[in-house]
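Trainee: fold the following for me, if possible:
(one chain, ligands or ions: 1)
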Amino acid sequence: MKAQIFAFLWACILCGSFADFNSENSAKPCELAHKGENIEFPKDFSFGVATSAYQIEGAWNEDGKAPSMWDTYTHEHPERISDHSTGDDTVESYHRFDQDLAVLKELKVNFYRFSISWSRVLPNADTSVKNRKGIDYYNMVIDKLLQNNIKPMVTMFHYDMPESFNEFGGFTNSSVIDYFEAYASFLYETFGDRIKWWITFNDPYVFCGMGYAEGTFPPLVHSPGVGDYICMDNLLRSHARAYRSYKEKYYSYQRGKVGININPAFFYRKDGQTSDELVDRALQYQLGWLAGPIYNTGNYPSVIIQDIAENSKIEGLSESRLPVINSTWSDIIKGSGDFLAVNYYTSHYVEIATPPEGEVPSKEYDSKIKVSMDDKWRRAKSEWLYCVPQGLEDVLKWIRDKYNNVEVLITENGWSDDGQLDDPQRIDYLRAHLQAVLNAINDGCNVTHYTHWSAMDNFEWNKGYTEKFGLYSVNMTSENKERFPKKSAAFYTSVIDSRRILR
Ligand code: PNW
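Mentor: Okay, the predicted model is just below:
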């Protein structure tokens, strides 16, 4: 009896403090005022939603698919996933694409961004085996989208490296460049008659940083300042070669576009000063690391080259930890993007750390910066995600100014919660970020697509099914895994219908 009373009291305390967090949190601003004259999105502006293969497909070992490193990782390390879950089945999109299609039709999206599982179509990672059933699945997806007037947009690589290639080094083995180029060419050949939007890589910073520096994502390598830099370098070269292959062999008759996806934040000075130098440094270390070489100079940003060379010397190394891009490679890399795809979620405060913080070596240490969040910003369920819509507007303007107003696609933007159908916070976030996009367009930014992450709740990497980003909820306990619209889904459709952000 005592224990029951105690449990009851404890529950009350917990629910009380949760209610406090929630009401206090929702009182925080998550909005952005309209700027400029136009209140309508341009006629040819497209709205879509995104997913990725490992997060939604399931069928991890069916019909000839070989494991990716996310399959082996979740099987071997359940303790690393918040709810000890895996993506073995997830929302079963491999078997339930018709249900996904119904969602997309109901949302009235203009396009659908999904990713192809490399080891589902090429189980050996190379082109020695082309898995018919895997290819048939994506052909079915693409054809049904087109029949319904929904443009397919493909991500070639969304974290799920084939395990067979991971075993011999993954993105630290420079053979990955040849393997990725062959994979990309195979995709152009097989699907390029119908795919006009190709994204080579999703979120290189997250992938290389968590996989090869922090060691919190597979392949669990802890090698900050070395492993992550090599990963980024091989990934950049893989991207550039895949781009060149398209231009040389496929573009003349397929006429599509190829770009890369980067996840920037904007940075605001903690000391309130207005000089741009620190903000620029922070952005170069993040967005500029890959966008600089591709959309600007063909080489890494000079601030990065200098800092890392200096520190490497102090550490007694004969060469910089940052790989060198020679002139042959520079020519391949420079200009290797028809558009820049941006996943924007949140922003940070930035300050110079004196002395520099972080492990020696590490990106944190090399960059000499320290980032933080503001208590005044509204927080999502994910601890890294705060609502800072102004950051999206500012990032878009920075891209406009630094990269010659390259075409920008927002390929992800979204909010996490517990998955409730009544989700006013997601609506606030969506509304404010759409406003940021419209403000940026009114200010001359060349943004042509907005994509919400995600179409439906799915496997959120190390957070399993505990953080939900969907416009639709999925009944995970029923046999048919029905998808149900949240209130935010209707709001998004109202924007797509009216091309305005309704109050
Ligand atoms: C994206 N950040 O990753 C991924 O592409 C999705 O697969 C994922 O489900 C989604 O975000 C939600 O986490 C990001 O810290 C993770 O700014 C973190 C950040 C950005 C993108």
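
Trainee: residue in the stretch 1-150 of the chain nearest to the ligand?
Mentor: At 5.1 Å from the ligand, residue 52 is the closest residue in the stretch 1-150 of the chain, using CB to the nearest ligand atom. Backbone N, C-alpha and C define where each C-beta goes, glycine included.

Trainee: so what's that residue up against?
Mentor: Residue 52 sits next to 114, 115, 155, 158, 159, 160, 202 when contact means CB atoms under 8 Å, 6 or more residues apart in numbering.

Trainee: so which of those residues are in strands?
Mentor: The subset of the contacts of residue 52 located in strands under the criterion DSSP state E comprises 114, 115, 155.

Trainee: run a quick neighbour tally on residue 54.
Mentor: Other residues within reach of residue 54, judged by other CB atoms under 10 Å, total 24.

Trainee: what helix or strand is it located in?
Mentor: Residue 54 is part of helix 53-56 when elements are defined by DSSP states H and E.

Trainee: now tell me what touches that helix from outside.
Mentor: Here helix 53-56 makes contact (CB under 8 Å, 6+ apart) with 68, 70-71, 87, 90-91, 93, 100, 114-117, 120, 158-160, 454, 456, 458-461.

Trainee: isn't residue 171 right next to residue 234, touching?
Mentor: Yes - Residue 171 is within contact range of residue 234, at 5.1 Å (criterion: CB atoms under 8 Å).

Trainee: of the two, who's got more company?
Mentor: Shown here are residue 171 and residue 234; by other CB under 10 Å, residue 171 has more neighbours (29 against 22).

Trainee: name the nearest residue to the more buried one, ignoring sequence neighbours.
Mentor: Once flanking residues are discounted, residue 171 sits nearest to residue 231: 4.1 Å by CB to CB, 6 or more residues apart in numbering.

Trainee: how about the backbone phi and psi for that neighbour?
Mentor: Note on residue 231: its backbone torsions stand at phi -60, psi -50 [degrees, to the nearest 10].

Trainee: dump the residue contacts of the closest residue to residue 98 other than its chain neighbours.
Mentor: Nearest residue to residue 98 in three dimensions, chain neighbours excluded: residue 144, at 7.9 Å (CB to CB, 6+ apart). Going by CB under 8 Å, 6+ apart, residue 144 touches 97, 98, 101.

Trainee: quick one, which of those are buried?
Mentor: 97, 101 (16 or more other CB atoms under 10 Å).

Trainee: picking that back up, now cross-check the contacts of residue 52 against the ligand and list the overlap.
Mentor: residue 202 (CB under 6 Å from any ligand atom).

Trainee: in CSV: the contacts of residue 52, plus distance to residue 354, pLDDT and neighbour count.
Mentor: What follows is those, written out as CSV (distance: CB to CB, whole Å; pLDDT from 0 to 100; neighbours: other CB atoms under 10 Å):
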residue, distance to residue 354, pLDDT, neighbour count
114, 45, 99, 25
115, 41, 99, 23
155, 40, 99, 25
158, 38, 99, 25
159, 35, 98, 23
160, 40, 98, 26
202, 35, 98, 25
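
Trainee: most widely separated two among the contacts of residue 52?
Mentor: 114 and 159 (13.8 Å; CB to CB).

Trainee: residue 446 against residue 405, yeah?
Mentor: Yes - using CB under 8 Å, residue 446 makes contact with residue 405 at a distance of 4.9 Å.

Trainee: more neighbours: which of the two?
Mentor: Taking other CB under 10 Å, residue 446 and residue 405 do not tie; residue 446 has more neighbours (17 against 12).

Trainee: do you know how far the more buried one is from the ligand?
Mentor: Going from residue 446 to the ligand by CB to the nearest ligand atom, to the nearest Å gives 22 Å.

Trainee: using PDB, write down the CA coordinates of stretch 345-362.
Mentor: Output of stretch 345-362 as PDB, limited to C-alpha atoms (Å, rounded to 0.1, in the frame of the first residue of the first chain):
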ATOM      1  CA  TYR A 345      16.300  22.200 -38.100                       C
ATOM      2  CA  THR A 346      17.800  24.600 -35.600                       C
ATOM      3  CA  SER A 347      20.400  27.300 -34.800                       C
ATOM      4  CA  HIS A 348      23.000  28.000 -32.100                       C
ATOM      5  CA  TYR A 349      24.700  30.800 -30.200                       C
ATOM      6  CA  VAL A 350      28.500  30.900 -30.900                       C
ATOM      7  CA  GLU A 351      31.500  32.300 -29.000                       C
ATOM      8  CA  ILE A 352      35.200  31.900 -29.300                       C
ATOM      9  CA  ALA A 353      36.500  29.500 -26.700                       C
ATOM     10  CA  THR A 354      39.700  30.700 -25.100                       C
ATOM     11  CA  PRO A 355      41.500  28.400 -24.700                       C
ATOM     12  CA  PRO A 356      40.000  26.100 -27.400                       C
ATOM     13  CA  GLU A 357      37.800  23.400 -25.900                       C
ATOM     14  CA  GLY A 358      37.300  19.700 -26.900                       C
ATOM     15  CA  GLU A 359      39.600  16.700 -27.300                       C
ATOM     16  CA  VAL A 360      43.000  17.200 -29.000                       C
ATOM     17  CA  PRO A 361      42.600  16.800 -31.900                       C
ATOM     18  CA  SER A 362      38.900  17.400 -32.700                       C
END
